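Asker: sharing a sequence plus its predicted fold:
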Protein chains: 2
Amino acid sequence: MTINIAIFGYGNLGKGVEAAVVKQPDMKLAGIFTRRDPKTISPLSEGVNVYHESDLEKMKDAIDVLVLCGGSATDLPEQTPRWAGVFNVIDSFDTHANIPKHFAAVDAAAKSAGKTAIISCGWDPGMFSLNRVYANAILPDGADYTFWGKGVSQGHSDAIRRIEGVVDARQYTIPVAEAVDSVRAGKMPELTTRQKHTRECFVVAAEGADQNAIEDAIVNMPNYFADYDTTVHFIDQETMDRDHSGLPHGGMVIRSGKTGLQNEHNHIIEYKLTLDSNPEFTGSVLIACARAAFRMNQNGDVGCKTILDIPPAMLSSDSPEFLREHML
Amino acid sequence: MTINIAIFGYGNLGKGVEAAVVKQPDMKLAGIFTRRDPKTISPLSEGVNVYHESDLEKMKDAIDVLVLCGGSATDLPEQTPRWAGVFNVIDSFDTHANIPKHFAAVDAAAKSAGKTAIISCGWDPGMFSLNRVYANAILPDGADYTFWGKGVSQGHSDAIRRIEGVVDARQYTIPVAEAVDSVRAGKMPELTTRQKHTRECFVVAAEGADQNAIEDAIVNMPNYFADYDTTVHFIDQETMDRDHSGLPHGGMVIRSGKTGLQNEHNHIIEYKLTLDSNPEFTGSVLIACARAAFRMNQNGDVGCKTILDIPPAMLSSDSPEFLREHML
């Protein structure tokens, strides 16, 4: 049984999904779909066809799961409900506050079409969410901590690039080691935003630009930097391209909880990701979820789901018998 | 809605389950059942009734889920299929090689009674298994590593106690730091048994016993110690009672995997437990699984399951809507 995957949207995440499909024994890439002119796109892998968005509906029978790789701000709120009415779909919708609204819209569309949709797949939301839920269910009396990094925040890098006189920028989010140590030691500290993460920025300034003014604009930027200790390094474009072209990321979800009738025992559950490529890892999670969407749909389990609704064995290419014998 | 939990078997694990029930907002302890004389048992918590095993069947309507806290060697292979024919049941069966056989026996009993059973709950098998399955589904091209400890191995402690001249013993399993570092650095080392763990033993010898003979018997014991670097410390009973009375444990499941069309990116997924009390943590996992068994049974999902079959949201006392809004 081969699962035919289609990708809609060919940016960093779409490429990550493409790379992930290659690693899965039971999947094939049925095509890449784009809103751009298909001729302008060269897939990373050989023998993959690129189609215009307008061909999607025609290829209904050739696609088992459509993986939506657009952005959460404007693409997915429109695309996921639209295409859940035609295909089993997966997305990585990550605007946490709008998940209930997005879920409702996708659920209605998927149910009326008899399709299965899984939203907000990735690592946060996604694997981190999953670990928060497991750890809270096991240790109801405790505290949750999420640390991100060290890794590139694309949103923060973009925010710096919008400052006048900035040619290029990369921002790393870094967990504060003392905070992590204190959590791991079971001290359950109360941590402010500033105590949890620092921000490190690498900036290429335009010739003649006022570097002091740029640095001021960065460190005082509300929401993005003002609540953090931020350091700014000015570098040249060559150094940027050589040392900062990757998209590493990662982080930790830690729950510290008490058991015992006198709360005499403490337990630490930690889930940690160290990722060389954020989009390729996210794409890998999406693709495992695509398998589950396909199977749940075959079982008649339609509507909108999240990773919290998926029996873990459904994500695996191995059979339940194999998993019990070799992984349990 | 309150879920009525009963405990069968009141050793370390039974006490751990008792402590875990107290922390859950939607659960009540319906009773502790034992093969011993109930009068000899004093529960840790107040207002809990202790009954003889022979009363179990009579209390059918007062119990939603029965948590079996016996041993995997002889108790559970007999008890879990037996009681899955009467109750929804949970066990922590941990003889990995016999899981398929145990599963089949429990599945047949539960299905014919219309009950739901979840076997092999705990942390290994259990949470560690879950993390192996998730990590393999996401990163099919990679290697798995499991490290145990630092923690007390009760099986190894018991093995030492059976040596002539030994009054008391405690054995700690300790991961080798260099091996863990190498795995975390993405080096995907091939590790022998000796390279992964060391074993540290604390022994109280009988007066006049030959300590050299005891040490020789430990370090050369096949299966248990011969393949490891083992250190033995002789201490007095007072020191044992003061410094080694706890049952801490833990460990790590790490998967190191590649993505990218040229395998150019590496990713590390690590799940780590640091537990002050092995039985209380195991009991906490069992109790979260008990909630899922109850709900799955209400949904008509009968037969034998493992944690790999449970939609994560079913383990939580919170509603799916709450989880999507606050944990995703």
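Answerer: That came through fine. Please read these numbers as outputs of a predicted model, since none were measured by experiment.

Asker: quick check, stretch A:63-70 touching chain B?
Answerer: No - Stretch A:63-70 lies out of reach of chain B by CB under 8 Å from any CB of the partner chain, never closer than 14.4 Å. For glycine as for every other residue, the C-beta is placed from the backbone atoms N, C-alpha and C.

Asker: start to end distance for that stretch?
Answerer: 18 Å (CA to CA, to the nearest Å).

Asker: what of stretch A:5-21?
Answerer: The first residue of stretch A:5-21 is 8 Å away from its last residue (CA to CA).

Asker: can you give me the buried ones in it?
Answerer: A:5-10, A:12-21 (16 or more other CB atoms under 10 Å in any protein chain shown).

Asker: helices of the stretch 151-300 of chain A, residue ranges please.
Answerer: A:154-161, A:177-184, A:193-196, A:211-219, A:237-243, A:278-298 (DSSP state H, counting those that start in this stretch).

Asker: which ones among the buried residues of stretch A:5-21 come in contact with chain B?
Answerer: A:16, A:19-20.

Asker: so which of these sit within helices?
Answerer: A:16, A:19-20 (DSSP state H).

Asker: which of these lies closest to chain B?
Answerer: Distance to chain B across these (CB to the nearest CB) is lowest for residue A:19, with 5.4 Å.

Asker: I'd say the closest one and residue B:260 touch.
Answerer: Yes - counting by CB atoms under 8 Å, residue B:260 is a contact partner of residue A:19 at 5.4 Å.

Asker: name the residues contacting each of the two.
Answerer: residue A:280 (CB atoms under 8 Å, 6 or more residues apart in numbering or on different chains).

Asker: can you list the low-confidence ranges for chain A?
Answerer: Counting by pLDDT under 70, not a single residue of chain A qualifies.

Asker: OK, contacts around the most centrally placed residue in it?
Answerer: Against the mean C-alpha coordinate of chain A, by CA atoms, centre = their mean, the closest residue is residue A:122 at 3.6 Å. Residue A:122 sits next to A:92, A:94, A:282, A:285-286 when contact means CB under 8 Å, 6+ apart.

Asker: would you format these as a markdown table with neighbour count and distance to residue A:229 included?
Answerer: As requested, the contacts of residue A:122 are exported to a markdown table (neighbours: other CB atoms under 10 Å in any protein chain shown; distance: CB to CB, whole Å):
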| residue | neighbour count | distance to residue A:229 |
| --- | --- | --- |
| A:92 | 28 | 30 |
| A:94 | 21 | 25 |
| A:282 | 28 | 28 |
| A:285 | 26 | 31 |
| A:286 | 29 | 34 |
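
Asker: just put those residues in CSV and tack on distance to residue A:69.
Answerer: Converted to CSV, these look like this (distance: CB to CB, whole Å):
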residue, distance to residue A:69
A:92, 8
A:94, 12
A:282, 9
A:285, 13
A:286, 8
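
Asker: first-to-last residue distance for stretch A:82-89?
Answerer: Stretch A:82-89: ends 10 Å apart by CA to CA.

Asker: what count of nearby residues applies to the residue in the stretch 1-150 of chain A positioned nearest to chain B?
Answerer: Across the stretch 1-150 of chain A, no residue is closer to chain B than residue A:137, which sits at 4.0 Å (CB to the nearest CB). The local packing of residue A:137 (other CB atoms under 10 Å in any protein chain shown) involves 24 other residues.

Asker: could you tell me which residues make contact with the residue nearest to residue A:102 when sequence neighbours are not counted?
Answerer: If the residues on either side of it in the chain are set aside, residue A:102 comes closest to residue A:93, at 5.4 Å by CB to CB, 6 or more residues apart in numbering or on different chains. Applying CB under 8 Å, 6+ apart, we find residue A:93 in contact with A:72, A:76-77, A:80, A:99, A:102, A:119-120, A:125.

Asker: same question for residue A:272.
Answerer: A:250-252, B:268-272.

Asker: ok, residue A:12 next?
Answerer: Residue A:12 sits in contact with A:247, A:279, where contact means CB under 8 Å, 6+ apart.
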